[in-house]
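Engineer: the following comprises the amino acid sequence and a computationally predicted model.
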Protein chains: 2
Amino acid sequence: MTQTILSESQQDYLKIVLDLINEKKVARIKEIARRKGVSMPSVTEAMRKLSKEDFVQYSVREFVELTPAGETAAHRLSSKNMFLKNFFIDVLGIENSIAEKEACELEHHLSVATLDRLILLYQFLSECKKNDQLTLHLLKNCVRSAEGMSEIDPECKSCFVTSNFPHQMGKSTVHTLLAKLNRGQKGQVVMLGPDTELRRRIIEKGLLPGSAFVLEEKGDAESPYRILSDGCSVELDIKAANMIEVAIEQSN
Amino acid sequence: MTQTILSESQQDYLKIVLDLINEKKVARIKEIARRKGVSMPSVTEAMRKLSKEDFVQYSVREFVELTPAGETAAHRLSSKNMFLKNFFIDVLGIENSIAEKEACELEHHLSVATLDRLILLYQFLSECKKNDQLTLHLLKNCVRSAEGMSEIDPECKSCFVTSNFPHQMGKSTVHTLLAKLNRGQKGQVVMLGPDTELRRRIIEKGLLPGSAFVLEEKGDAESPYRILSDGCSVELDIKAANMIEVAIEQSN
DNA sequence: TAAATTAGTTAGGCCTGCCTAATTTACCAA
DNA sequence: TTGGTAAATTAGGCAGGCCTAACTAATTTA
């Protein structure tokens, strides 16, 4: 596996292409240029280069498509971005549009090790939600409010964590393990389990708390689970699938 | 004030120069090159450019010095770096050398707004230390340990926050406000107060939790406090000085 | 004090990632 | 079927931040 190193800019291109394909089915040079804020010739050039290194499939005057390698890279970046943004909004209480910008700035520079720890912190606060409202109130007041530090706001209703999750958005959900889902079921990752080694492998595949997905193929001891997240296919062995807590919509 | 924008690389150079001046009194081309991992001609060129824009004072074959503008920029970056590193180590439990590298990666891309929130989070955990050991234990177990998530380690002795502070390093300290110190006293910033506007101004000056300093000039309603931190002079009005909690060594 | 060593500079190049201007292609509509 | 228009490409340039090779200045050291 020749690990070609993608520059930040190249990764951005891949992410934009992925987004466009998910949103509009096809990725055109012009739209890529618009989103990246560069001129069309710059995009043409970049696509040519990415296609030479086999991250996109592209020939003159055709739509841009992602190769599996490109999809992997794009998805990785994209999910990091999503998580960071949620972290900033949910934990640090940063305003949406700023959080978005900040996430784009930082996504390239955050190592998996650190990301892992941030995820754990995020998960810790999720746990607190269940049994330690007081601490959360305090945290909210400290971190979020302008005049923090001393008073508790008893009116604090919104929660810190997972506010972008479906169950925070008016839908009623239940939690279960990914391994228990059936083919075709949709869900959203809530929590990754404790095994560090395994957790990192999952993180590297771009499956982070907040990732929405559909189960495409239910695996077993032999064959892997295959899920579709962000338009990208991700394979997980059963051990990993048993370590991922997910939220699914209540079926009643 | 013509806000010349410094590139990342240029900021790095300034920080390295500051470090060298603090450590070895003078900054030589060769040593800058070594630390930055570039060749000497690259440094010469960079210094020439920085000197043209008045961030360093430099003429051929002489030592490099920082101008006030350069010092400000360097100090800002440097303190951001220190804080991030501490945050990674103390809160996220990341291993020292990785934390250091990660801090260097991220320091350029973290906005003051986000930095502010991270500082508040850090301070929140400091507060917890006083009255909520249980939550900290949980957090420690969740975020730091490999097998997190479920068990509480009753043996957890080290604390999360401020472990790089003098009082964590075997020295006995007391906390007070910066405004109350006398000229010549040394201290370390522990906490910034609640006023967001003011707090940001302080953060922008590079005075963050963890910053060590000496009070050079005690101010009053008229004249500012002047402190020396990291070899850089920082001025604060009395309002700011009253908002900064510091640790000083016990004088007994 | 002359040779050797080390630090720093000059000159010339390279690569990335952009740009503008001019041209080509593709498609749509009359 | 023929313009017209929009999308994309080609060509040529530029700046930042690096590099190597060759040279010069300053400092040892013998």
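Structural biologist: Perfect, thanks for sending it. Numbers count the residues shown, from 1 in each chain, chains lettered A, B, ... in the order given.
Engineer: any idea how far DNA strand D is from the residue sitting nearest the centre point of chain A?
Structural biologist: Residue closest to the mean C-alpha point of chain A, counted by Cα atoms, centre = their mean, is A:Ser79 at 2.5 Å. Relative to DNA strand D, A:Ser79 is positioned 27 Å away (Cβ to the nearest atom of the strand, to the nearest Å). The C-beta positions use only the backbone N, C-alpha and C, and glycine is treated the same way.
Engineer: list phi and psi for the residue lying closest to that residue once chain neighbours are set aside.
Structural biologist: What sits nearest to A:Ser79 in space, not counting adjacent residues and going by Cβ to Cβ, 6 or more residues apart in numbering or on different chains, is A:Gly206, at 3.8 Å. Dihedral pair for A:Gly206: phi 90, psi 20, per degrees, to the nearest 10.
Engineer: put the alpha carbons of stretch A:119-129 into PDB.
Structural biologist: Taking C-alpha atoms only, stretch A:119-129 is exported to PDB below (Å, rounded to 0.1, in the frame of the first residue of the first chain):
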ATOM      1  CA  ILE A 119     -14.100  11.700  21.300                       C
ATOM      2  CA  LEU A 120     -13.700  10.200  24.800                       C
ATOM      3  CA  LEU A 121     -14.200  13.600  26.400                       C
ATOM      4  CA  TYR A 122     -17.300  14.000  24.300                       C
ATOM      5  CA  GLN A 123     -18.600  10.600  25.300                       C
ATOM      6  CA  PHE A 124     -17.800  11.300  28.900                       C
ATOM      7  CA  LEU A 125     -20.100  14.300  28.800                       C
ATOM      8  CA  SER A 126     -22.700  12.200  27.100                       C
ATOM      9  CA  GLU A 127     -22.500   9.900  30.000                       C
ATOM     10  CA  CYS A 128     -22.800  12.700  32.500                       C
ATOM     11  CA  LYS A 129     -26.000  13.700  30.800                       C
END
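Engineer: just the buried positions in that stretch, please.
Structural biologist: Within stretch A:119-129, the residues that count as buried by 16 or more other Cβ atoms under 10 Å in any protein chain shown are A:119-128.
Engineer: out of the residues you listed, who's near chain B?
Structural biologist: A:120-121, A:123-124, A:127-128 (Cβ under 8 Å from any Cβ of the partner chain).
Engineer: mind putting those in TSV, pLDDT included?
Structural biologist: Converted to TSV, these look like this (pLDDT from 0 to 100):
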residue	pLDDT
A:Leu120	87
A:Leu121	86
A:Gln123	84
A:Phe124	79
A:Glu127	70
A:Cys128	66
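Engineer: now secondary structure and distance to A:Arg48 too, for those residues, in TSV please.
Structural biologist: Below are those laid out as TSV (DSSP: H, G, I helix; E, B strand; the rest coil; distance: Cβ to Cβ, whole Å):
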residue	secondary structure	distance to A:Arg48
A:Leu120	helix	41
A:Leu121	helix	41
A:Gln123	helix	42
A:Phe124	helix	46
A:Glu127	helix	48
A:Cys128	helix	50
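Engineer: tell me the domain ranges of chain A?
Structural biologist: Listed domain ranges for chain A are A:8-67, A:76-164, A:173-249 (source: automatic domain parsing).
Engineer: so which of those comes closest to B:Ser233?
Structural biologist: domain A:76-164 (28.5 Å; Cβ to Cβ).
Engineer: tell me the secondary structure at the residue lying closest to A:Lys205 once chain neighbours are set aside.
Structural biologist: Leaving out its chain neighbours, the residue that sits closest to A:Lys205 by Cβ to Cβ, 6+ apart is A:Val234, at 5.1 Å. Here A:Val234 is strand, with the state taken from DSSP: H, G, I helix; E, B strand; the rest coil.
Engineer: A:Val234 contacts A:Arg226, correct?
Structural biologist: Yes. Using Cβ atoms under 8 Å, A:Val234 makes contact with A:Arg226 at a distance of 7.2 Å.
Engineer: the two: who's more crowded?
Structural biologist: A count of neighbours by other Cβ atoms under 10 Å in any protein chain shown puts A:Val234 above the other of A:Val234 and A:Arg226, at 23 against 16.
Engineer: per-residue confidence for the more buried one?
Structural biologist: Per-residue pLDDT puts A:Val234 at 96.
Engineer: check contacts around it.
Structural biologist: By Cβ atoms under 8 Å, 6 or more residues apart in numbering or on different chains, the residues touching A:Val234 are A:75, A:205-207, A:213, A:226-228.
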